[in-house]
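# one predicted model, sequence on top.
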Amino acid sequence: MRINGKVLKEGLHVGLVAFLTSYAISLVLSVVVNLAVMDEISVLLQGVLSDHFQAGAASILRVAAIIQNLSMYNMSGDFKIGLLVFAVIPFVSFWLADREDNAREGLDARNLGHYVVSSLTFSVLLSLLSWGAGGTLLSVRVDFFSWQNAMTTMVAAFFIQVVIALNYGRHFGDGVASARKLVRILLAIGLAAGLAGLVFGVVKYIGDLVTGFFLVLVLLPNVAVYGMFLLMGMEPAFSQPMRKMLELGGVDLGGGLLPPWVRLIGILVFLGIGIHALAGLRREGYLKQLAVCNGAFAAFSVLMAFATGVNLGIVKNVVHIQFGIPLLQALLLPLVLLSAVGLGLFLVRKILDVLRN
């Protein structure tokens with residue numbers, strides 16, 4: 001991977017175009033949010049006695065910066081909203097900025113160089129915007145300007161560009177192809193189950209169909225990912241005050257969100273899907289490809305756990321709302337389960353070979 005003058009120029013161009021596109025999308029969404037739902041958000045955060053929210057140029061620009069930062073999963077202090085639907089913004093932005101080069105070349109060493117440059121450019125520009133847009137909104141201090149967020153943005157932007165390029169160059173090794181198949185099947189199951197659950201909840205508890213539709217649209221990607229984690233036996237961890245609030249509402253978290261037998265069925269389904277995905281690995285270099293598949297899937301799990309974490313802080317001066325999948329659990333459990341499945345398949349193949357001979 002070399003960064004020469006041409007690569008530097010391309011990277012700067014892609015980073016700038018992607019940033020401007022991302023900001024334009026965020027600005028449009030900010031106008032909608034300011035005009036449509038900021039009063040409801042004010043009541044949620046401050047209570048019914050809060051002052052009526054007045055939308056203006058300052059709040060529109062500040063909310064646009066917030067949306068753009070949330071789309072890269074940055075944090076303002078400990079505040080974080082992990083909604084996967086926001087990921088559409090940077091994916092669309094980088095796809096539009098670099099679609100011709102990706103279509104022509106796909107993923108290669110030269111493109112990796114300009115991904116580094118474009119990611120750094122995007123990160124610097126977003127950091128400058130965050131510094132300028134810092135302030136107070138709905139009595140909450142907003143400050144996304146930090147070295148941690150700059151690094152998160154750079155890594156996320158690089159990853160997004162690699163994923164986009166991989167879908168142009170469709171020649172995958174067995175390990176990556178198996179991990180891809182596993183992710184798609186698990187997310188499809190999570191999506192179907194999540195859609196059914198959300199529609200049922202909307203019909204039962206929300207009278208306004210328009211509000212319900214947008215709620216389903218926003219929450220569905222997260223619910224699909226949580227469905228994937230539930231199939232592996234993982235459940236969201238809640239902050240202690242939130243656990244107490246849920247228990248007061250009749251939700252007993254002592255044994256987890258789901259009964260043990262449901263979690264066991266989920267794990268068995270995951271193991272079956274794992275067998276199906278890993279059965280495509282060739283005998284030659286099997287263990288190496290198994291390691292690639294396990295590593296790729298575990299990395300995806302950690303990324304999804306990080307991206308779906310939520311920390312709203314203390315809401316209405318009453319309860320600290322925080323929940324998400326523990327990152328260490330998201331890393332280790334897929335590695336253990338898939339390694340067990342993969343090594344089991346390896347031993348079965350060896351035994352069958354011995355019996356044949």
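The structure has been received and is ready for your questions.

# and the helices in the chain?
Assigned by DSSP state H, the helices in the chain fall at 5-36, 38-46, 57-71, 88-105, 109-133, 147-166, 174-205, 209-231, 240-248, 260-278, 286-307, 327-356.

# just the CA atoms of the third one, as PDB, please.
Okay, so that is helix 57-71. Extracted in PDB, the C-alpha atoms of helix 57-71 (Å, rounded to 0.1, in the frame of the first residue of the first chain):
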ATOM      1  CA  ALA A  57     -30.900  28.200  12.400                       C
ATOM      2  CA  ALA A  58     -28.600  27.500  15.300                       C
ATOM      3  CA  SER A  59     -30.600  24.500  16.500                       C
ATOM      4  CA  ILE A  60     -30.800  23.100  12.900                       C
ATOM      5  CA  LEU A  61     -27.100  23.400  12.300                       C
ATOM      6  CA  ARG A  62     -26.300  21.900  15.800                       C
ATOM      7  CA  VAL A  63     -28.700  19.000  15.200                       C
ATOM      8  CA  ALA A  64     -27.200  18.400  11.800                       C
ATOM      9  CA  ALA A  65     -23.800  18.000  13.400                       C
ATOM     10  CA  ILE A  66     -25.200  15.700  16.000                       C
ATOM     11  CA  ILE A  67     -26.900  13.500  13.400                       C
ATOM     12  CA  GLN A  68     -23.600  13.300  11.400                       C
ATOM     13  CA  ASN A  69     -21.700  12.300  14.500                       C
ATOM     14  CA  LEU A  70     -24.300   9.800  15.500                       C
ATOM     15  CA  SER A  71     -24.000   8.300  12.000                       C
END
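
# got the buried residues for it?
S59, L61, R62, V63, A64, A65, I66, I67, Q68, N69, L70, S71 (16 or more other CB atoms under 10 Å). (Glycine included, C-beta is placed from N, CA and C.)

# tilt between it and helix 88-105?
Calculated by axes from the mean of the first three to the mean of the last three CA atoms, to 10 degrees, helix 57-71 forms an angle of 60 degrees with helix 88-105.

# need the residues that contact helix 57-71.
22-23, 26-27, 29-31, 33-34, 38, 53, 76, 81, 83, 86-90, 126, 129-130, 132-133, 135, 137, 142, 144, 149 (CB atoms under 8 Å, 6 or more residues apart in numbering).

# lovely, talk soon.
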